[in-house]
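1. okay, predicted coordinates and the sequence, questions at the end:
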Amino acid sequence: MNRSGFSSVTSLGVTRDADYPDDPAAGDEVTAPAAFQSVCTALAHVKLPVPTAPIIKATGNPNVSVFILPDCQLPGMLEDVCVASIQSGPEVGCMDDYFNCLARVTGRTHLRRNLAKSRVHAWLAAQAEPDRRLSEAAEAGYWNWDSPAFGQLKQFLSAL
């Protein structure tokens, strides 16, 4: 890479969602294997080591690992992990009722397409500072980092 200081990087972790494509006309969600292949293609294009599977480290200069969200197997996104971390909270039933009501009243079927993203926004809206974005909420400690939902991702990051 031609970035200043990149030569001193010893380990690179790449994360990518396996969520819906940006273009709704493109069809269904991206599968975890397709998302992984997309990252590998990009790594090969810039002549970086290419892992053989998610989480498996490709040794080289730098070592490279890839994590496909939410769990390297299922389609989804970072928001799925965040939602899973609050799944046992009392507000989850309220969020489900809210989205079921909206789908019933409006007939909008797309509400289910990005449900995790919508649920994160609904949950954040109920917090003390409701206008925070996902990253800002993370920095503010809104998510329970001790939740098992973050276990795989934390292991991946620790192994870098």
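-> Here it is on my side, so go on.

2. what's the neighbour count on residue 152?
-> Neighbourhood size, residue 152 [other C-beta atoms under 10 Å]: 18. C-beta: built from backbone N, CA, C; applies to glycine.

3. quick one, what contacts it?
-> Residue 152 makes contacts with 67, 71-72, as judged by C-beta atoms under 8 Å, 6 or more residues apart in numbering.

4. with residue 157 instead?
-> residue 13 are the contacts of residue 157 under C-beta under 8 Å, 6+ apart.

5. for it, grab phi and psi.
-> phi -70, psi -40 (degrees, to the nearest 10).

6. please identify the helix or strand for the nearest residue to residue 134 once chain neighbours are set aside.
-> Of all residues not flanking residue 134 in the chain, residue 120 sits nearest, at 6.2 Å (C-beta to C-beta, 6 or more residues apart in numbering). Here residue 120 sits within helix 115-125, counting by DSSP states H and E.

7. alpha carbons of that helix, as PDB, please.
-> The C-alpha coordinates for helix 115-125 follow below in PDB (Å, rounded to 0.1, in the frame of the first residue of the first chain):
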ATOM      1  CA  LEU A 115     -35.200  -4.800  10.900                       C
ATOM      2  CA  ALA A 116     -31.900  -4.900  12.900                       C
ATOM      3  CA  LYS A 117     -31.000  -1.400  11.700                       C
ATOM      4  CA  SER A 118     -34.500  -0.200  12.500                       C
ATOM      5  CA  ARG A 119     -34.500  -1.900  16.000                       C
ATOM      6  CA  VAL A 120     -31.100  -0.300  16.800                       C
ATOM      7  CA  HIS A 121     -32.500   3.200  15.900                       C
ATOM      8  CA  ALA A 122     -35.700   2.500  18.000                       C
ATOM      9  CA  TRP A 123     -33.600   1.400  21.000                       C
ATOM     10  CA  LEU A 124     -31.200   4.300  20.700                       C
ATOM     11  CA  ALA A 125     -34.300   6.700  20.500                       C
END
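
8. buried set for that helix?
-> Across helix 115-125, burial judged by 16 or more other C-beta atoms under 10 Å covers 115-120, 122-124.
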